[in-house]
Structures are given as C-alpha cells and as structure tokens.
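1. Provide a 3D model corresponding to the input given below.
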Amino acid sequence: MVLVAKQEGIPWFDDMRTGVEQFGKDNAGKVDVKQIAPDSGDSAKQVQMVSDLISQDVDAIVVVPNDPQALKPVIKQAKAKGIVVIAHEASNIADDVDYDIEAFQNTDFGEAFCKPLAEGMGGKGKLAAVVGSKTMETHMAWYNSCKSMLEKDYPDIEFVSDEPYEDNNDDDTARKVATEILNAHPDITGFFGTSVSAGSNMAAVLKERNNKNIYVSSLGIPSVDMPYIDEGWVQYAQTWRPADAGYAALQLAYDKVKGESIETGLDLKADGYGSVEVKGHQVYGDAPLVLKKGDYADGKYPF
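-> Coordinates of the predicted model:
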C-alpha cells in the first residue's frame with residue numbers, strides 16, 4: 001500500500017510520514033507501506049505517480065490530492081484494476097474513490113476558524129483570506145463555509161477580494177502574498193489562512209512591522225506556529241494531526257482490502273478515529289485540534 005501525499009519536504013507531510021511508518025511497524029509482516037509525493041504541489045506530477053503505482057499492481061493507494069478533479073481519470077484506472085483507492089482532503093471526489101476520509105466535517109471546521117476571527121475584529125472591518133490553492137477542495141470548503149457564516153452573521157465584515165489569494169503551500173510565496181496584502185490593504189483588521197504557510201508568514205511579516213492591529217486565524221502546526229501564538233502574532237490556529245490522518249487512512253484501506261465491513265462505529269486505531277461516522281463513500285473522524293498558548297513548550301505535539 002502506498003500513500004501519495006501532496007508535497008515532499010514540508011512539516012505537515014513529514015508528520016504524516018511518521019503515521020505511515022507507525023502503521024507499517026504495527027502491521028509488520030502483514031503489509032508493506034510507504035509514502036511518496038511530488039517535490040512541489042504539482043498536480044500533474046502527482047497524477048503520474050498514481051499512474052506509475054497502477055502499473056506496479058499495488059493493493060491500495062491512499063492519496064491526498066493537490067487537484068482532486070485531475071486525479072479522477074487515474075483513479076478510475078486504478079479501480080478498474082481492482083486497486084483500493086482511499087482519498088483524504090477530497091470530499092468532492094468521494095463517489096469516485098472507495099472512500100474519502102476526513103478528520104471532521106469541513107463546514108464545521110471552516111466556521112470554527114471564523115467565529116473567533118469575527119469576534120476578534122469586533123464584528124466589523126476588512127478581511128483578507130489566503131488558501132493553498134483554489135483547486136484544493138478542503139481549503140475552498142473551509143473558505144466558503146467561513147465566508148457564508150460571516151456574510152450571514154457579521155454583515156459589517158468585508159472581504160478585500162472576491163476570491164481568496166493563493167500561496168501554493170509555499171513559504172516564499174506566502175510571504176510575498178502577505179506583503180502584497182498588507183501593502184495593498186493597510187486598513188485590514190482580519191486575516192484568514194487555510195494553509196500553514198499563510199498564517200505563519202503573515203505573522204512573520206506583522207512581527208517585522210510590529211503590527212498587532214490584525215487578528216490572524218489560520219491553519220497551523222505546533223512546530224511552526226506556536227512561537228507566533230505565544231508572542232501574540234497569531235490569535236487563533238487549529239489543525240488536525242497529519243500522522244493520525246495518515247494512519248487512519250491506511251487502516252481504512254487495509255480493512256477494505258481484507259473485505260471488512262466499513263460502517264459507522266469502525267475503529268481505525270488512531271486518535272480521533274476510534275469510532276468513525278460513515279455516510280456513503282465519506283468517512284468522518286472527530287479529530288480537530290485547537291492550538292493554545294503554551295501547548296508546545298512541553299513537547300505536547302510532536303509536529
């Protein structure tokens with residue numbers, strides 16, 4: 001079984017690899033597993049990787065898509081050869097794979113970013129938003145649910161652009177985007193980022209400018225964001241544990257390969273996935289994680 005991640009060499013998927021490796025250790029002698037990924041968030045390279053795996057006759061492919069729609073043709077080819085296909089962060093192609101597994105309901109997760117953001121902005125003002133890419137289904141689901149909630153409950157909060165900015169999950173790009181936003185819209189009082197790079201790089205630029213007039217709410221990971229949270233440059237960050245998601249996705253794939261029944265209450269043997277909810281081809285855990293000041297100092301979260 002092979003997990004195809006979005007991108008090589010970033011902390012998020014480095015942590016996911018620890019879950020893959022742990023799954024391999026826990027099932028030694030029964031299954032061979034590994035994680036691979038393109039060296040950038042290139043959907044074409046990811047499609048080619050999946051295509052190569054099909055020719056290798058693997059038993060199962062777990063994929064975290066850069067562009068879910070671009071993967072549909074090779075997913076169809078994989079399933080035609082009897083390969084189990086599990087997706088993560090790809091609810092919009094759940095019907096094309098055997099199952100898509102999510103750490104939570106995306107609508108709830110998106111709204112959870114923006115309730116504290118709206119309150120931190122005093123219920124009014126200008127807001128900028130950044131996603132990894134507009135082709136990333138989960139990022140857009142969080143953005144859209146946040147935007148819908150704000151439009152309904154906080155009509156005095158205004159987005160500075162009709163569409164979110166994009167950073168391609170890349171720190172250099174995210175820094176340039178943060179600088180661009182602050183230069184073009186110096187009067188914003190809120191920032192929403194759906195990538196780890198978005199929030200941390202906005203925080204870095206704000207710190208350099210000694211600007212604490214902007215409430216930052218973003219996806220984050222402890223090793224990157226906790227210093228900014230502790231110092232007050234990021235006011236709210238949430239996430240889920242990549243290692244647990246990777247482990248749970250592989251367990252789901254393994255259960256499917258073995259012909260086990262996939263139904264609500266199934267234990268995928270990872271934190272937050274001990275009793276999943278199954279709706280059609282969609283599997284939901286209950287694994288959101290809010291990062292709070294002081295959490296990382298004691299090594300509580302190893303990613």
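2. Strands of the stretch 101-250 of the chain, start to end?
-> Counting by DSSP state E, counting those that start in this stretch, one finds strands in the stretch 101-250 of the chain at the ranges 125-131, 157-159, 165-166, 190-193, 215-219, 236-239.
3. I'd like those strands laid out as TSV, including mean pLDDT and mean neighbour count.
-> Just so you know, the C-beta spots here come from the backbone N, C-alpha and C atoms, and that holds for glycine as well. Formatted as TSV, the strands of the stretch 101-250 of the chain follow (pLDDT from 0 to 100; neighbours: other CB atoms under 10 Å):
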stretch	mean pLDDT	mean neighbour count
strand 125-131	99	23
strand 157-159	98	18
strand 165-166	98	20
strand 190-193	99	29
strand 215-219	98	27
strand 236-239	97	22
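4. Select, out of those strands, the one closest to Glu180.
-> strand 165-166 (7.7 Å; CB to CB).
5. and that closest one, what does it pack onto?
-> In terms of contacts (3 or more CB pairs under 8 Å, 6 or more residues apart in numbering; DSSP states H and E), strand 165-166 is packed against strand 125-131, helix 171-184.
6. what would these look like in TSV with distance to Val2?
-> TSV is the format used below for the helices and strands packed on strand 165-166 (distance: least, CB to CB, whole Å):
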stretch	distance to Val2
strand 125-131	27
helix 171-184	27
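7. Select, out of the ones you listed, the one closest to Phe113.
-> strand 125-131 (9.7 Å).
8. how big is the angle separating the closest one from helix 171-184?
-> 160 degrees (axes from the mean of the first three to the mean of the last three CA atoms, to 10 degrees).
9. List the contacts of strand 125-131.
-> Defining contact as CB atoms under 8 Å, 6 or more residues apart in numbering, one finds that strand 125-131 is touched by 117, 121, 139-140, 143, 146-147, 150, 156-161, 164-167, 174, 177-178, 181, 185, 187-195, 198, 202.
10. Generate the PyMOL command that creates a selection of the buried members of those residues.
-> Per 16 or more other CB atoms under 10 Å, the buried members of these correspond to this PyMOL selection:
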select buried, resi 117+121+139+140+143+146+147+150+157+159+164+165+166+167+174+177+178+181+188+189+190+191+192+193+194+195+198+202
